[in-house]
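[1] Next input, structure requested:
(chains A and B)
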2 protein chains.
Amino acid sequence: MELLEKRILQDGTVKEGNILKVDSFLNHQLDVELLNEIGKEFKRLFADKKITKILTIEASGIAIASVAAQYFGVPVLFAKKSKSQNLDGELYTSVVHSYTYGKDYTITVAKKFLSPREHILIIDDFLAVGKALNGLLDIAAQAGATVEGIGIVVEKGFQEGGKNLRRQGYNLHSLAIVDSMENGKLVFRKQ
Amino acid sequence: MELLEKRILQDGTVKEGNILKVDSFLNHQLDVELLNEIGKEFKRLFADKKITKILTIEASGIAIASVAAQYFGVPVLFAKKSKSQNLDGELYTSVVHSYTYGKDYTITVAKKFLSPREHILIIDDFLAVGKALNGLLDIAAQAGATVEGIGIVVEKGFQEGGKNLRRQGYNLHSLAIVDSMENGKLVFRKQ
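    Okay, the predicted model is just below:
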């Protein structure tokens, strides 16, 4: 997605440890116009799929999924990262390791919102090793829901998450794939 | 907001301890059509204000703020609840007590995204005692930003948060105010 790649080149910054910061428009401050273009692009890429619900994970995924959901006309369901006292009832849970925060956490989804009848599109902002995504896929599998696709805004193509998911046969689309960021220079994969 | 009150009566549930669960449409599963109507209503209520940015807090506030931001044509900035290794640079921080999770946590906003030039609208899903909101107001004050208004989806009118904020002179609009939920019966304040 050219608009997105341009924006990453313009406003993204590369930090030590292969960290790509896009916090001025994607995951702290949010450019909602850009999110709309991202939502339209996801709709174009998954137009032939029968999607009944979009599944994402707090926090950054929520904005992207909510704006995109307008183009699909379906509800969003977001996995929570800590168990609220308000989230009673039966829960699907999965343990995820976060490299960003340096610890394990449990993600939860209320069982009543995810059934074998659902055809879901999973949306998230980043895909690197794929830990959060595997947690969402685990929860979808526990629910017996059909995963129609996975939509990612930025994939780190030099890490194994995307490769593994494609090898497993998932219908994965990443709007920008960074194949290298050595010496602070971003190289995008041609798509 | 009649549509919202009807939806709360239809799909909300009252739990012990004055907990109002709206997780089927507002803060776990998200009805994005309803969020759009909420966004339009916030725009109507704050139409005369010069808003340059919407400030909210993860996680539930993000969806509401992002959809609403489309009607204001401004970016969203969300306060984070845990310090990511990716959120470097100087941060505004404030300590908030959560009754939902039963603990204190620190919220953070990168200084570069909130300046004295900003005129902000604060948006959140719930207002009860007002702890999270006071954290956001504290951060806005540290930044020297002007708070043009506060938009809340559901206020618990029998708790002191809303009363205190109105007494302090904030331009607070809550789309639904629950004045009582005794014996599971919801009573909304006439607005």
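[2] beta partners for the most centrally placed residue in chain A?
    Centroid-nearest residue in chain A: residue A:124, 1.2 Å away (criterion: CA atoms, centre = their mean). Per DSSP bridges, the residues bridged to residue A:124 are residue A:152.
[3] Kindly state the pLDDT recorded for it?
    Residue A:124 is assigned a predicted lDDT (pLDDT) of 98.
[4] what's the spacing between the closest residue to residue A:42 other than its chain neighbours and residue A:120?
    With CB to CB, 6 or more residues apart in numbering or on different chains as the criterion, residue A:42 has its nearest non-adjacent residue at 4.5 Å, and that residue is residue A:151. (Glycine included, C-beta is placed from N, CA and C.) Remark: distance between residue A:151 and residue A:120 (CB to CB, to the nearest Å) = 11 Å.
[5] what do you get for residue A:114?
    Distance from residue A:114 to residue A:120, by CB to CB: 8 Å.
[6] do residue A:9 as well
    In terms of CB to CB, residue A:9 sits 32 Å off from residue A:120.
[7] And residue A:18, by the same measure?
    30 Å.
[8] And residue A:17, by the same measure?
    Relative to residue A:120, residue A:17 is positioned 32 Å away (criterion: CB to CB).
[9] One more: residue A:5?
    27 Å.
[10] higher neighbour count, these two?
    residue A:120 (26 against 19; other CB atoms under 10 Å in any protein chain shown).
[11] Which strand residues bridge that one?
    residue A:53, residue A:147.
[12] Over to residue A:177?
    Here residue A:177, judged by DSSP bridges, has bridge partners residue A:155.
[13] cool, residue A:79 as well?
    Under the criterion used (DSSP bridges), residue A:79 bridges to residue A:57.
[14] so what's it up against?
    Neighbouring residues of residue A:79 by CB atoms under 8 Å, 6 or more residues apart in numbering or on different chains: A:55-58, A:107-109, A:135-136, A:139.
[15] can you list the weak-confidence ranges in chain A?
    Along chain A, the model assigns pLDDT under 70 to residues A:83-89, A:100.
[16] Okay, helices next: where are they in it?
    Listed in chain order, the helices of chain A (DSSP state H) span A:2-11, A:32-45, A:60-72, A:131-143, A:161-167.
[17] returning to what we had before: most neighbours among the contacts of residue A:79, which one?
    That'd be residue A:56 among these, by other CB under 10 Å, with 29 neighbours.
[18] Kindly provide the distance from it to chain B.
    Distance of residue A:56 to chain B, given as CB to the nearest CB, to the nearest Å: 10 Å.
[19] Repeat that for residue A:91.
    Residue A:91 is 10 Å from chain B, by CB to the nearest CB.
[20] give me the beta-bridge partners of that residue?
    residue A:110.
[21] Looks like it contacts residue A:110 (just checking).
    Yes - if you go by CB atoms under 8 Å, residue A:91 and residue A:110 touch, sitting 6.0 Å apart.
[22] More neighbours: which of those two?
    Set residue A:91 next to residue A:110 and count neighbours by other CB under 10 Å: residue A:110 wins out with 20 against 16.
[23] Pretty sure the more buried one sits against residue A:78.
    No - checked against CB under 8 Å, the pair residue A:110 and residue A:78 is beyond contact range at 10.9 Å.
[24] shared neighbours, those two?
    The contact lists of residue A:110 and residue A:78 share residue B:28, where a contact means CB under 8 Å, 6+ apart.
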